[in-house]
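Novice: Everything below, folded, please.
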Amino acid sequence: MGFLDRLFQRKDRSPSAVEIAEPECPHVALVPHWDAAEDIGRSDKVTRYECESCKASFPREEGERLRDKGTERMRISEEERRDRLTD
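Specialist: Next comes the predicted model:
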């Protein structure tokens, strides 16, 4: 610790050994965006998808892949829930 640090009573500001890890966003709340108003509602004219949670933006192809992946996760969750109810 240097002279000025002692003078101003500054503590050592080294990062702590324990860091809180932010969970990775699953991007399940994807909103489609179009470039032209007349294209709104047409899935073949979507230009990008934006995640409502983290505000990340994805090109159409990647957004569709993420959307399909999320839909599949929901199906699996529903099947597991039904299985638990019948047991």
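Novice: can you map out the helices along this protein?
Specialist: Listed in chain order, the helices of the chain (DSSP state H) span residues 3-7, 60-86.
Novice: among those, which is the most enclosed?
Specialist: helix 60-86 (a mean of 12; mean count of other Cβ atoms under 10 Å). To be clear about C-beta, it is placed using only N, CA and C from the backbone, and glycine gets the same treatment.
Novice: Can you pull out the low-pLDDT segments for this protein?
Specialist: By pLDDT under 70, the weakly predicted segments of the chain are 1, 11-18, 87.
Novice: What are the neighbouring residues in contact with the residue nearest to the spatial centre of it?
Specialist: Most central residue of the chain, judged by C-alpha distance to the mean C-alpha position with Cα atoms, centre = their mean, is C25 at 2.7 Å. Contacts for C25 (Cβ atoms under 8 Å, 6 or more residues apart in numbering) come out as 51, 53-54, 56.
Novice: Inside strands: which ones of these?
Specialist: Secondary structure from DSSP state E places C51 of the contacts of C25 in strands.
Novice: Mind checking which of the contacts of C25 are buried?
Specialist: C51 (16 or more other Cβ atoms under 10 Å).
Novice: Make CSV out of the contacts of C25 and add distance to F8.
Specialist: Output for the contacts of C25, formatted as CSV (distance: Cβ to Cβ, whole Å):
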residue, distance to F8
C51, 43
S53, 41
C54, 38
A56, 41
